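S.K.: turn this into a structure:
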Amino acid sequence: MRRCNTYMIIFTELQAVFSKMQFLTILFLVVSAVFALQDVVIACIANGNGCQPDGRQGNCCSGYCHKEPGWVAGYCR
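M.R.: You can find the predicted model right below:
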């Protein structure tokens, strides 16, 4: 009976360790995703800076690149 209780205690402790590992793994994945998306959100061209309407130089934060015919590049508005 004593041996059975010892195994149950060890099993319970292992379950707790694995639960913590799962939590840390999920936390790591969420933090990694946030950092990856942060680069995408921040990487935009501010108003007044040069751009290309097709997005070759990046996208304007406003979403609008003004380019007149004959211009080499436009600018974000």
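S.K.: now the helices for the protein?
M.R.: 2-42 (DSSP state H).
S.K.: domains in it, by residue range?
M.R.: 1-40, 44-77 (automatic domain parsing).
S.K.: and the last one, how far out from the chain middle?
M.R.: Shown here is domain 44-77, whose average C-alpha point lies 25 Å from the average C-alpha point of the whole chain (Cα atoms, centre = their mean, to the nearest Å).
S.K.: now that domain: buried residues?
M.R.: 45, 51-52, 57, 59-60, 65, 74-76 (16 or more other Cβ atoms under 10 Å). All C-beta atoms are positioned from the backbone trio N, CA, C, and that covers glycine.
S.K.: can you put those in CSV and add distance to Glu13 and pLDDT?
M.R.: Output for the buried residues of domain 44-77, formatted as CSV (distance: Cβ to Cβ, whole Å; pLDDT from 0 to 100):
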residue, distance to Glu13, pLDDT
Ile45, 54, 91
Cys51, 58, 94
Gln52, 60, 93
Gln57, 57, 87
Asn59, 52, 91
Cys60, 56, 93
Cys65, 60, 95
Gly74, 64, 95
Tyr75, 63, 95
Cys76, 58, 95
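S.K.: so what's Cys76 up against?
M.R.: 45-51, 60-62, 64-66 (Cβ atoms under 8 Å, 6 or more residues apart in numbering).
S.K.: hang on, I meant Tyr64
M.R.: Tyr64 touches 76-77, counting by Cβ under 8 Å, 6+ apart.
S.K.: having no further points to raise, I will conclude here.
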